[in-house]
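In: From the sequence below, what's the structure:
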Amino acid sequence: MIYTSTRSNKKFSFEEIIKKGMPIDGGLFVPVYIPKINFINLKNIKYYKLVRYVLSKFMTKEEYKKFQIKKISYQIYKKYNVFSIKKIKNRNIFIVDLNRGKTFSFKDISISFLSKILDKINNLNILTATSGDTGSSCIYYLRKLNKSKIFVFSPLNKISSFQESQMYSVKKKNIYNVSIIGNFDNCQKIIKKNLIFKNINTVNSVNFLRIILQVIYYIKCYLIIRKKNTTFAIPTGNFGNSFSSYLAYKMGLPIKRIFVVNNDNNTSYNFINKKELFYGKRLKQTNSPSMDIINPSNIERILFYLFKKNKILKIFDKLKKNKKIKLKKKLKIFESYYCNKNKRKNIIKFFFKKYQKLLDPHTANLFVLNFNKKFSYFLLNTANVIKFLKYINIILNKNFYSKFQIQIEKIKKKYFSFKNKDKKKILNFIKKNLNFI
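Out: Numbering: from 1, shown residues only. Predicted structure coming up:
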C-alpha cells in the first residue's frame, strides 16, 4: 500500500505514516487507492480477527509482521467488548454504544490499539489537540510510554468538567496538559504548526491508523445485523468518524446513506448539503462540546478523492484568507443535518420522559433526522452520558450524579495555560520539553 499527502505528490509507506503521524506540508496522509473487501466470508468473524484482516489491506506483509499486528489485535480486542447494539422498540432505529472503553468514549477503541504501535517507537513526542474525549483517552493509554513525551492541548473551560478532570488529574512527568484560552480549532492549529520538529506524532483523527481502526466497527456492525438499506448516523466534530464510514463504503460496505449531524457549529452541514466551505465563522460554545469545531480536518480527506491536488491547494489557500468556497461536486452517499440548542434540549427531555433514559448531548443531535421506514438507522452513541451529567441536570432540572464523577472531580488538577495569541511562549514551552529537536 502506498500513501501520499493531500497537498503534495510525495509517496510514503505505511511505516512512514505511522512514524510521522502527519505530513509537514500541512496536509493529511491518505492511501493512493482504497482496497476492496469481500464481505461474504466475514459473517461470524471475531472482532480481533477482523482487525487483522482489514489492517492487512493497508500495509505490506513485512510491515504487518514488524508492527506485530497479529499479537496486538489479540491483546487489545480479545476481551474488549467493543460495542453493543440496542433496538428502539417498534422502530427501525438501533443505538450503537461505542463508549465501553476505559475513558467512556469511542476514542478508546482506536487509541488503545494505536498506543501499542507507538510504544514501538522510542523517544517519541506526541502532540494532540482535543475537544474533550481524545485527550482523556490519549493520556490513559499512553501514560505508560515513559520514553515518550505527551502534550495534550485543550480549550480552557470549553469541555465538560468531567473531561477536564479525566485529563488534568493525571500527574506524570511525561504528560503535559496544556490549556489554551481559545477553542479546539486554535489547539489543532498549534499541533499542525509544530510538526516541523523530529519525532513528532499525534493521536487525533488526523492520524490515519485511527481512521482505519474506526472503519472496522462499521464493518462489524453491519455483519452482525445485515439489514437491508443500512444507514449510519454520526454526531460529527472533526469529521474523522464520518470519514471512516465513507472509507468503509468505498471499500465495499453496502451502506445506503451516511447521515452526518452537527450541533450549532454546522460546517459539515454546509459542506454536504450546500456544497460550500467556510472556516471564518465564529465558534459557538454548546453543551455538546466534543462537536464544537468550525474547521473539521478530515473534510480534506474527502476533498482528496473528489478533486485534483492543485484544486485542493487553491481551496485551502482561500480558506486561510477566510473566503467562502463553493463546490460543484456533491457527495451522494452523505446527507447532513444540524441540531441547535433548543432542539437538543427538547430531544433530551422527550427521550427521558418516553424511555426513562439519559441521552448523551452529542447523541441527542442525531434525533433531528427525518426517520422513515425506507432505511434501517444505526445511530452512533460515541460518549457515555456520565461525562455530561452537569449539562443533563440543567436541562432536566434533576440532580443525577455518579460516585466516580465525585471522586475524579475532587482530585487536584495540574495543567499549563496559555493565551492562543502567545505563539512564541507556546513554541518555547514545546521546544523546552521535547525529547529531541
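
In: Helices along the stretch 1-150 of the chain, start to end?
Out: Along the stretch 1-150 of the chain, counting by DSSP state H, counting those that start in this stretch, helices occupy 14-20, 47-56, 61-66, 69-77, 107-118, 133-142.

In: Put together a markdown table for those helices, with mean neighbour count, distance to Lys410 and mean pLDDT on each row.
Out: For glycine as for every other residue, the C-beta is placed from the backbone atoms N, C-alpha and C. Putting these into a markdown table (neighbours: other Cβ atoms under 10 Å; distance: least, Cβ to Cβ, whole Å; pLDDT from 0 to 100) gives the following:
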| stretch | mean neighbour count | distance to Lys410 | mean pLDDT |
| --- | --- | --- | --- |
| helix 14-20 | 19 | 38 | 92 |
| helix 47-56 | 20 | 36 | 97 |
| helix 61-66 | 13 | 44 | 96 |
| helix 69-77 | 19 | 31 | 97 |
| helix 107-118 | 24 | 23 | 96 |
| helix 133-142 | 26 | 17 | 95 |
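
In: What does Ser154 show for phi and psi?
Out: phi -130, psi 150 (degrees, to the nearest 10).

In: Tabulate the helices of the stretch 1-150 of the chain (JSON lines), appending distance to Ser288.
Out: Shown next, in JSON lines, are the helices of the stretch 1-150 of the chain (distance: least, Cβ to Cβ, whole Å):
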{"stretch": "helix 14-20", "distance to Ser288": "31"}
{"stretch": "helix 47-56", "distance to Ser288": "28"}
{"stretch": "helix 61-66", "distance to Ser288": "38"}
{"stretch": "helix 69-77", "distance to Ser288": "28"}
{"stretch": "helix 107-118", "distance to Ser288": "15"}
{"stretch": "helix 133-142", "distance to Ser288": "11"}
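
In: Can you list the low-confidence ranges for the chain?
Out: 195-198, 436-437 (pLDDT under 70).

In: Asn346: how many residues sit nearby?
Out: Neighbours of Asn346 under the rule other Cβ atoms under 10 Å: 14.

In: element containing it?
Out: helix 341-355 (DSSP states H and E).

In: Please identify the pairing partners of the helix or strand that that helix is followed by and their relative orientation?
Out: Sequence order places strand 376-381 as the next helix or strand after helix 341-355, per DSSP H and E. Strand 376-381 has these partner strands in its sheet, going by DSSP bridges: strand 93-97 (parallel), strand 230-235 (parallel).

In: Can I get the helix holding Asn346 in PDB, CA atoms only?
Out: In PDB, the C-alpha atoms belonging to helix 341-355 read as follows (Å, rounded to 0.1, in the frame of the first residue of the first chain):
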ATOM      1  CA  LYS A 341     -29.500  24.200  21.500                       C
ATOM      2  CA  ASN A 342     -33.300  24.300  21.800                       C
ATOM      3  CA  LYS A 343     -33.900  21.200  19.700                       C
ATOM      4  CA  ARG A 344     -31.200  19.300  21.600                       C
ATOM      5  CA  LYS A 345     -32.800  20.300  24.900                       C
ATOM      6  CA  ASN A 346     -36.300  19.100  23.700                       C
ATOM      7  CA  ILE A 347     -34.900  15.800  22.400                       C
ATOM      8  CA  ILE A 348     -33.200  15.100  25.700                       C
ATOM      9  CA  LYS A 349     -36.400  15.900  27.600                       C
ATOM     10  CA  PHE A 350     -38.600  13.800  25.300                       C
ATOM     11  CA  PHE A 351     -36.200  10.800  25.500                       C
ATOM     12  CA  PHE A 352     -36.100  10.900  29.300                       C
ATOM     13  CA  LYS A 353     -39.900  11.200  29.500                       C
ATOM     14  CA  LYS A 354     -40.700   8.400  27.000                       C
ATOM     15  CA  TYR A 355     -37.900   5.900  27.700                       C
END
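
In: Name the residues of the helix ranked longest in the chain that are buried.
Out: Scanning the chain for the longest helix, with DSSP state H as the assignment, gives helix 208-225. Buried residues in helix 208-225, counting neighbours by 16 or more other Cβ atoms under 10 Å, are found at 208-223.
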